[in-house]
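Participant: let's see this in three dimensions:
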Amino acid sequence: MGEERLARAIDELLDELVGSGAEVGLQVAVIRHGRTLVDAACGVADPHTGAPVEPGTLFWAGSTAKGVASTVAHVLVDRGVLTDDMRVAEVWPEFAAHGKERTTLRHVLMHTAGVPGLPSGTGAADLCDWGRMCATIAGSTPWWEPGTGFGYHAKTFGFLLGETLRRATGDPIPVLLREYVTGPLGVADEVHFGVPRPLLTRVARQVGANPARPEPGSPLEKAMPPGVVPDADYANRTDLLTSDVPAEGTMSARGVARVYSALLEHLVSPARRTAIATVAFTGTDRVMGVPASWTYGYAPFRPSGRGRPGSTFGMVGSNGSAAFADVDSGVAVAVMRNRFGDLGTAARIDQLITDELA
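Facilitator: Sure, this is the predicted structure:
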């Protein structure tokens, strides 16, 4: 049906999903070759007040923010501020403890640094203490020799990357995000790690069922202890929403779609974009215990399962949010939602987009 009917088709699908009760509030943004095709909003942002979802509503999006954090690092490397293979300990000497002195920025972005674990008693409030989290990670013993294994760094990724960037540049990652990415793109108020307090009134309230908990004693539980497993209550905590936890974040669909569109168009060089999209790991995830593949800082798949390896890169969140880019089609897509769940809705939306733009 093509571009001219895509917006209407998306509106109809969102109305159906919200009208049926399957979803509470949704946003979808689609940008192709720098041109916005869809900036849709539907449903209720806060069931307590009845406030509607608007295009500028902010949604807690979980690990979808990891792709944003990776983007900051790639822009800095592309501009010569950092190098891919700089050793973390060169700028963060404490991190060298227990055999981590050879860990590089590349290892951090690839989730091969070997430090996914957290103390068993770690709680949500601990994540709000940047110094404490960074000291814990710096003092940890790696689960494997850095660079020799892959394992999803569910919570530690953002602190590890953020502190490395802070030590190397002198600026915390939210400042770097605004200076190098969201500010130039005009979306500085729509893509955040910690949400500025004046913008809290724009944040949608998350709702939904309790998530599955990692098996006690499993590597995943050691990487994500019970006190930091995300659910709706966790995502609605003001202390977490306003703290920089760069493995997670809060954003609008149009804001993060603009970031991915810029990656396709002009934010980094063509060579860097190719490196970002290229599948760099395929094997077993030592934390999740499942087969996995990874590009240079992103997941290499679309929610619908479509897309060519080497073309698609992005991230999804534990509540079912998603944001990604596709090099072949020139399309950037983001889906935000406030009902905790799986990627079923994002997959259905992505499939519709793929069909419409084929």
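Participant: who's in contact with stretch 122-131?
Facilitator: 132-133, 155, 159, 162-163, 225, 227-228, 234, 237, 239-240, 243-245 (CB atoms under 8 Å, 6 or more residues apart in numbering). For glycine as for every other residue, the C-beta is placed from the backbone atoms N, C-alpha and C.
Participant: show me what the helix or strand harbouring Ile276 is packed up against.
Facilitator: Element membership for Ile276, per DSSP states H and E: helix 270-277. If you count contacts as 3 or more CB pairs under 8 Å, 6 or more residues apart in numbering; DSSP states H and E, helix 270-277 packs onto helix 64-78, helix 253-265, strand 312-316.
Participant: show me where the stretch 151-300 of the chain has strands.
Facilitator: For the stretch 151-300 of the chain, strands defined by DSSP state E, counting those that start in this stretch occupy the ranges 191-192, 250-251, 281-284, 291-294.
Participant: average pLDDT for the third one?
Facilitator: When you say that, I think you mean strand 281-284. The average of the pLDDT scores along strand 281-284 is 96.
Participant: picking up where we left off before, in TSV: the strands of the stretch 151-300 of the chain, plus distance to Gly149 and mean neighbour count.
Facilitator: As requested, these are exported to TSV (distance: least, CB to CB, whole Å; neighbours: other CB atoms under 10 Å):
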stretch	distance to Gly149	mean neighbour count
strand 191-192	31	28
strand 250-251	31	28
strand 281-284	8	13
strand 291-294	11	16
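Participant: in CSV: these, plus distance to Val331.
Facilitator: Listed next are those as CSV, based on distance: least, CB to CB, whole Å:
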stretch, distance to Val331
strand 191-192, 19
strand 250-251, 18
strand 281-284, 24
strand 291-294, 21
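Participant: so which of those comes closest to Gly121?
Facilitator: Nearest to Gly121, of all these, is strand 250-251, at 26.0 Å by CB to CB.
Participant: secondary structure element for Ser329?
Facilitator: Applying DSSP H and E, one finds Ser329 in no helix or strand.
Participant: contacts only, for it.
Facilitator: Taking CB under 8 Å, 6+ apart as the test, what Ser329 contacts is 32, 311, 357.
Participant: out of the contacts of stretch 122-131, who's nearest Pro291?
Facilitator: Among these, Lys155 lies closest to Pro291 (CB to CB), at 22.0 Å.
Participant: just give me the neighbour total for the closest one.
Facilitator: Applying other CB atoms under 10 Å, we find 26 residues neighbouring Lys155.
Participant: please, a PyMOL command that selects the buried ones among the contacts of stretch 122-131?
Facilitator: Listed next is the PyMOL selection for buried residues among the contacts of stretch 122-131, using 16 or more other CB atoms under 10 Å:
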select buried, resi 133+155+159+162+163+225+227+228+234+240+243+244+245
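Participant: the helix holding Ile276: how far from the chain's middle?
Facilitator: 18 Å (CA atoms, centre = their mean, to the nearest Å).
Participant: got it, and stretch 56-76?
Facilitator: Using CA atoms, centre = their mean, the offset of stretch 56-76 from its chain centre is 5 Å.
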